[in-house]
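[1] Structure for this input, please:
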Amino acid sequence: MRPISVAFVDDHPVLLSGLASLFAGTSEFEVVGKGTSSADALQLTIQKAPDILVIDLNIPGNAFDAIAQITANYGSTRVVAFTASSGIEHAVMALDAGASGYILKGSSVEELVQGLKAVHGGETYVTQGFATKVIVALRNASVRKLAAQAIRLSVREDQIVRLLLKGRTNKEIAAVLSISEKTVKHYMTILMQKLHARNRLEVVIQAQKMEADGQAMRSLQ
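    Next up, the predicted model:
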(Lines give C-alpha, C1' and ligand atoms only; values in the text may rest on other atoms or scores of the structure.)
Protein backbone atom coordinates (compact mmCIF):
# COMPACT_ATOMS: atom_id res chain seq x y z
CA MET A 1 0.00 0.00 0.00
CA ARG A 2 1.40 3.36 -1.00
CA PRO A 3 1.84 6.00 1.70
CA ILE A 4 -0.72 8.79 2.16
CA SER A 5 0.58 11.91 0.43
CA VAL A 6 0.18 15.03 2.54
CA ALA A 7 1.00 18.73 2.21
CA PHE A 8 1.12 21.26 5.04
CA VAL A 9 0.24 24.96 4.94
CA ASP A 10 1.04 27.08 8.00
CA ASP A 11 2.67 30.49 8.37
CA HIS A 12 4.48 29.50 11.56
CA PRO A 13 7.89 28.33 10.27
CA VAL A 14 8.87 26.25 13.30
CA LEU A 15 5.57 24.39 13.41
CA LEU A 16 5.55 23.90 9.63
CA SER A 17 9.05 22.45 9.67
CA GLY A 18 8.25 20.26 12.66
CA LEU A 19 5.12 18.82 11.06
CA ALA A 20 6.90 18.09 7.79
CA SER A 21 9.80 16.39 9.58
CA LEU A 22 7.48 14.38 11.81
CA PHE A 23 5.41 12.96 8.97
CA ALA A 24 8.37 12.53 6.62
CA GLY A 25 9.84 10.15 9.17
CA THR A 26 6.96 7.68 8.93
CA SER A 27 6.29 4.94 6.41
CA GLU A 28 2.56 5.65 6.35
CA PHE A 29 2.83 9.21 5.05
CA GLU A 30 4.72 11.01 2.30
CA VAL A 31 5.18 14.78 2.59
CA VAL A 32 4.86 16.25 -0.90
CA GLY A 33 4.91 19.97 -0.14
CA LYS A 34 4.83 22.89 2.29
CA GLY A 35 3.33 26.36 2.06
CA THR A 36 2.60 29.45 4.13
CA SER A 37 -0.49 31.06 2.55
CA SER A 38 -3.87 30.31 1.00
CA ALA A 39 -2.31 30.93 -2.43
CA ASP A 40 0.28 28.28 -1.61
CA ALA A 41 -2.50 25.88 -0.63
CA LEU A 42 -4.09 26.18 -4.06
CA GLN A 43 -0.75 25.94 -5.85
CA LEU A 44 0.28 22.85 -3.87
CA THR A 45 -3.03 21.18 -4.65
CA ILE A 46 -2.69 21.89 -8.37
CA GLN A 47 0.96 20.88 -8.64
CA LYS A 48 1.22 18.03 -6.13
CA ALA A 49 -2.37 16.73 -5.82
CA PRO A 50 -1.83 15.47 -2.25
CA ASP A 51 -4.27 13.00 -0.74
CA ILE A 52 -4.62 15.39 2.20
CA LEU A 53 -3.90 19.10 2.53
CA VAL A 54 -3.46 20.21 6.15
CA ILE A 55 -4.14 23.93 6.43
CA ASP A 56 -4.04 26.44 9.26
CA LEU A 57 -6.91 28.94 9.19
CA ASN A 58 -4.79 31.89 10.36
CA ILE A 59 -2.65 32.32 7.25
CA PRO A 60 -2.22 35.12 4.69
CA GLY A 61 -5.18 35.19 2.32
CA ASN A 62 -8.57 33.62 2.93
CA ALA A 63 -8.20 30.05 4.14
CA PHE A 64 -11.94 29.37 3.90
CA ASP A 65 -12.03 30.42 0.25
CA ALA A 66 -9.02 28.22 -0.44
CA ILE A 67 -10.76 25.25 1.20
CA ALA A 68 -13.89 25.86 -0.86
CA GLN A 69 -11.96 26.14 -4.13
CA ILE A 70 -9.89 23.04 -3.46
CA THR A 71 -12.82 20.83 -2.47
CA ALA A 72 -14.97 22.08 -5.34
CA ASN A 73 -12.36 21.73 -8.08
CA TYR A 74 -9.86 19.16 -6.86
CA GLY A 75 -11.94 16.42 -5.32
CA SER A 76 -9.09 13.94 -4.98
CA THR A 77 -7.54 16.15 -2.28
CA ARG A 78 -9.20 16.14 1.13
CA VAL A 79 -8.66 19.17 3.34
CA VAL A 80 -8.07 19.15 7.08
CA ALA A 81 -8.09 22.38 9.09
CA PHE A 82 -5.34 22.18 11.72
CA THR A 83 -5.73 25.27 13.85
CA ALA A 84 -5.48 26.86 17.27
CA SER A 85 -8.96 28.35 16.78
CA SER A 86 -11.38 26.55 19.08
CA GLY A 87 -14.26 28.78 18.03
CA ILE A 88 -17.36 26.85 16.94
CA GLU A 89 -18.05 29.41 14.20
CA HIS A 90 -14.69 28.77 12.53
CA ALA A 91 -15.25 25.02 12.68
CA VAL A 92 -18.68 25.36 11.06
CA MET A 93 -17.27 27.67 8.38
CA ALA A 94 -14.43 25.29 7.58
CA LEU A 95 -16.69 22.24 7.37
CA ASP A 96 -19.29 24.15 5.34
CA ALA A 97 -16.51 25.18 2.95
CA GLY A 98 -15.76 21.50 2.38
CA ALA A 99 -13.10 20.53 4.92
CA SER A 100 -13.17 16.86 5.89
CA GLY A 101 -11.50 17.43 9.23
CA TYR A 102 -11.07 20.02 11.98
CA ILE A 103 -8.25 19.26 14.39
CA LEU A 104 -7.10 21.58 17.16
CA LYS A 105 -3.39 22.27 17.55
CA GLY A 106 -3.60 21.29 21.19
CA SER A 107 -4.26 17.70 20.10
CA SER A 108 -1.68 14.95 20.50
CA VAL A 109 0.40 13.67 17.61
CA GLU A 110 -1.50 10.39 17.88
CA GLU A 111 -4.83 12.16 17.39
CA LEU A 112 -3.51 14.14 14.43
CA VAL A 113 -2.34 10.92 12.78
CA GLN A 114 -5.64 9.23 13.61
CA GLY A 115 -7.57 12.16 12.16
CA LEU A 116 -5.61 12.18 8.89
CA LYS A 117 -6.07 8.45 8.48
CA ALA A 118 -9.80 8.75 9.14
CA VAL A 119 -10.14 11.54 6.56
CA HIS A 120 -8.13 9.56 4.02
CA GLY A 121 -10.56 6.70 4.61
CA GLY A 122 -13.50 8.90 3.66
CA GLU A 123 -14.63 9.95 7.13
CA THR A 124 -15.14 13.41 8.62
CA TYR A 125 -12.98 13.92 11.69
CA VAL A 126 -13.27 16.55 14.43
CA THR A 127 -11.09 16.73 17.52
CA GLN A 128 -12.52 14.54 20.28
CA GLY A 129 -14.29 16.49 22.99
CA PHE A 130 -14.97 19.30 20.52
CA ALA A 131 -17.02 17.28 18.05
CA THR A 132 -20.31 17.34 19.97
CA LYS A 133 -20.38 21.14 20.09
CA VAL A 134 -19.61 21.30 16.37
CA ILE A 135 -22.38 18.83 15.51
CA VAL A 136 -24.92 20.86 17.48
CA ALA A 137 -23.75 24.07 15.79
CA LEU A 138 -23.95 22.46 12.34
CA ARG A 139 -27.48 21.27 13.07
CA ASN A 140 -28.55 24.73 14.21
CA ALA A 141 -26.92 26.29 11.14
CA SER A 142 -28.83 23.83 8.98
CA VAL A 143 -32.10 24.76 10.65
CA ARG A 144 -31.42 28.46 10.09
CA LYS A 145 -30.58 27.79 6.45
CA LEU A 146 -33.77 25.80 5.91
CA ALA A 147 -35.79 28.49 7.62
CA ALA A 148 -34.29 31.08 5.28
CA GLN A 149 -35.22 28.91 2.31
CA ALA A 150 -38.76 28.50 3.62
CA ILE A 151 -39.43 32.27 3.62
CA ARG A 152 -37.69 32.93 0.33
CA LEU A 153 -40.92 32.60 -1.69
CA SER A 154 -43.77 35.07 -1.70
CA VAL A 155 -47.26 33.93 -0.69
CA ARG A 156 -48.36 33.64 -4.33
CA GLU A 157 -45.18 31.80 -5.32
CA ASP A 158 -45.69 29.38 -2.46
CA GLN A 159 -49.28 28.76 -3.58
CA ILE A 160 -48.07 27.97 -7.10
CA VAL A 161 -45.35 25.65 -5.80
CA ARG A 162 -47.90 23.69 -3.76
CA LEU A 163 -50.13 23.28 -6.81
CA LEU A 164 -47.14 22.22 -8.92
CA LEU A 165 -46.46 19.49 -6.39
CA LYS A 166 -50.03 18.27 -6.97
CA GLY A 167 -49.34 17.96 -10.69
CA ARG A 168 -51.53 20.88 -11.75
CA THR A 169 -51.02 22.47 -15.18
CA ASN A 170 -50.60 26.23 -15.67
CA LYS A 171 -54.22 26.45 -16.80
CA GLU A 172 -55.44 24.58 -13.72
CA ILE A 173 -53.28 26.73 -11.43
CA ALA A 174 -54.70 29.87 -13.02
CA ALA A 175 -58.25 28.62 -12.40
CA VAL A 176 -57.62 27.66 -8.78
CA LEU A 177 -55.93 31.00 -7.95
CA SER A 178 -58.28 33.11 -10.10
CA ILE A 179 -55.43 34.64 -12.08
CA SER A 180 -54.58 34.55 -15.77
CA GLU A 181 -52.50 31.80 -17.33
CA LYS A 182 -50.08 34.52 -18.47
CA THR A 183 -49.59 35.54 -14.83
CA VAL A 184 -48.88 31.93 -13.88
CA LYS A 185 -46.22 31.78 -16.62
CA HIS A 186 -44.71 34.99 -15.23
CA TYR A 187 -44.47 33.42 -11.76
CA MET A 188 -42.98 30.26 -13.28
CA THR A 189 -40.19 32.38 -14.76
CA ILE A 190 -39.54 33.93 -11.35
CA LEU A 191 -39.54 30.48 -9.70
CA MET A 192 -37.06 29.15 -12.23
CA GLN A 193 -34.73 32.03 -11.41
CA LYS A 194 -35.09 31.65 -7.64
CA LEU A 195 -34.73 27.86 -7.68
CA HIS A 196 -31.97 27.85 -10.30
CA ALA A 197 -34.12 25.63 -12.50
CA ARG A 198 -34.02 25.47 -16.30
CA ASN A 199 -37.53 24.18 -16.91
CA ARG A 200 -40.84 23.24 -15.29
CA LEU A 201 -39.63 19.76 -14.32
CA GLU A 202 -36.63 21.17 -12.43
CA VAL A 203 -38.93 23.61 -10.64
CA VAL A 204 -41.02 20.66 -9.44
CA ILE A 205 -37.88 18.74 -8.37
CA GLN A 206 -36.56 21.74 -6.42
CA ALA A 207 -40.00 22.27 -4.89
CA GLN A 208 -40.00 18.65 -3.73
CA LYS A 209 -36.60 19.21 -2.12
CA MET A 210 -37.85 22.33 -0.39
CA GLU A 211 -40.84 20.40 0.94
CA ALA A 212 -38.54 17.67 2.27
CA ASP A 213 -36.22 20.28 3.81
CA GLY A 214 -39.17 21.95 5.48
CA GLN A 215 -40.18 18.65 7.06
CA ALA A 216 -36.60 18.09 8.22
CA MET A 217 -36.53 21.56 9.74
CA ARG A 218 -39.74 20.94 11.67
CA SER A 219 -38.39 17.65 13.01
CA LEU A 220 -35.26 19.39 14.31
CA GLN A 221 -37.09 22.18 16.08
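[2] Not counting its own residues, what contacts stretch 48-63?
    The contact list for stretch 48-63, computed with Cβ atoms under 8 Å, 6 or more residues apart in numbering, reads 4-12, 19, 32-33, 36-39, 41, 44-45, 64, 66-67, 70, 74, 76-85, 90, 94, 116, 119-120. C-betas here are computed from N, CA, C, even on glycine.
[3] among those residues, which ones are buried?
    For those, a burial check counting by 16 or more other Cβ atoms under 10 Å picks out 4-10, 19, 32-33, 36-38, 41, 44-45, 64, 66-67, 70, 74, 77-83, 85, 90, 94, 116, 119-120.
[4] by contact count, what packs against whatever helix or strand V14 lives in?
    Element membership for V14 (DSSP states H and E) is helix 13-24. Counting by 3 or more Cβ pairs under 8 Å, 6 or more residues apart in numbering; DSSP states H and E, the packing neighbours recorded for helix 13-24 are strand 4-9, strand 29-35.
[5] Could you rerun that using 10 Å?
    Counting contacts by 3 or more Cβ pairs under 10 Å, 6 or more residues apart in numbering; DSSP states H and E, helix 13-24 is packed against strand 4-9, strand 29-35, strand 52-55, helix 109-120.
[6] what mean pLDDT would you report for whichever helix or strand comes after the last one?
    The helix or strand immediately downstream of helix 109-120 is strand 125-126, counting by DSSP H and E. Model confidence over strand 125-126 averages 90 on the pLDDT scale.
[7] Does anything pack onto strand 125-126? Which helices or strands?
    Strand 125-126 sits against strand 78-83, helix 88-97, strand 101-104, helix 109-120, helix 131-150, with contacts defined as 3+ Cβ pairs under 10 Å, 6+ apart.
[8] which one of these is the most hemmed in?
    The highest average neighbour count among the helices and strands packed on strand 125-126, using mean count of other Cβ atoms under 10 Å, belongs to strand 78-83 at a mean of 25.
[9] Assign D65 to helix, strand or coil.
    Secondary structure, DSSP: H, G, I helix; E, B strand; the rest coil: D65 is helix.
[10] Can you check what pLDDT the model gives it?
    Looking at D65, its pLDDT reads 91.
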